[in-house]
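[1] what's the 3D shape of this:
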Amino acid sequence: MRDLKDIYLEMKKYEGQIEYVLIERLIPAKAMPEINSLTGKKEYNYWVCPNCNQTFAGMFDYCYHCGQALDWKNSVYDKE
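    Just a heads-up that it's a prediction; the model follows:
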């Protein structure tokens, strides 16, 4: 496990940039359905984060890989 001092020193390298990145991730972005590598069709069980390009299952308000806020309006599951 990393020491808190090491984490602090690493964060100091990015001082000024971290605040911008964290604020930018609060602006919701649309997740894209994963494309099945065998069929080439969209899979609506798995989604790809627009920020980190990591795949996740389910519809969350935030990507649990990077913290990007996700917008589900006008998606295939939008009930409005």
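
[2] how near is Lys41 to Glu34?
    10 Å (CB to CB, to the nearest Å). (Glycine included, C-beta is placed from N, CA and C.)

[3] the two: who's more crowded?
    Taking other CB atoms under 10 Å, Lys41 and Glu34 do not tie; Glu34 has more neighbours (17 against 10).

[4] which of the three states applies to the closest residue to the more buried one other than its chain neighbours?
    Distance criterion CB to CB, 6 or more residues apart in numbering; nearest residue to Glu34, sequence neighbours excluded, is Tyr46 at 4.0 Å. Secondary structure state of Tyr46, per DSSP: H, G, I helix; E, B strand; the rest coil, is strand.

[5] my guess is Tyr46 meets Phe56, correct?
    Yes: the criterion here is CB atoms under 8 Å, and Tyr46 meets it with Phe56 at 7.1 Å.

[6] what's the residue nearest to Asn45 when sequence neighbours are not counted sitting at in phi/psi?
    Distances taken as CB to CB, 6+ apart put Ala57 closest to Asn45, at 6.2 Å, once the chain neighbours are dropped. Backbone torsions for Ala57, taken as degrees, to the nearest 10, come to phi -100, psi 140.

[7] I figured Ala57 hits Tyr44, correct?
    No: the pair Ala57 / Tyr44 is not scored as a contact, 10.6 Å apart, by CB under 8 Å.

[8] how about stretch 30-39: buried residues?
    31, 34 (16 or more other CB atoms under 10 Å).

[9] list the contacts of it.
    41-50, 55, 63, 70-72, 75-76 (CB atoms under 8 Å, 6 or more residues apart in numbering).

[10] kindly report the same for stretch 69-76.
    25-31, 33, 44, 49, 59-63, 78, 80.

[11] can you flag which of those belong to helices?
    Counting by DSSP state H, these place Arg25 in helices.

[12] I appreciate the help and will end here.
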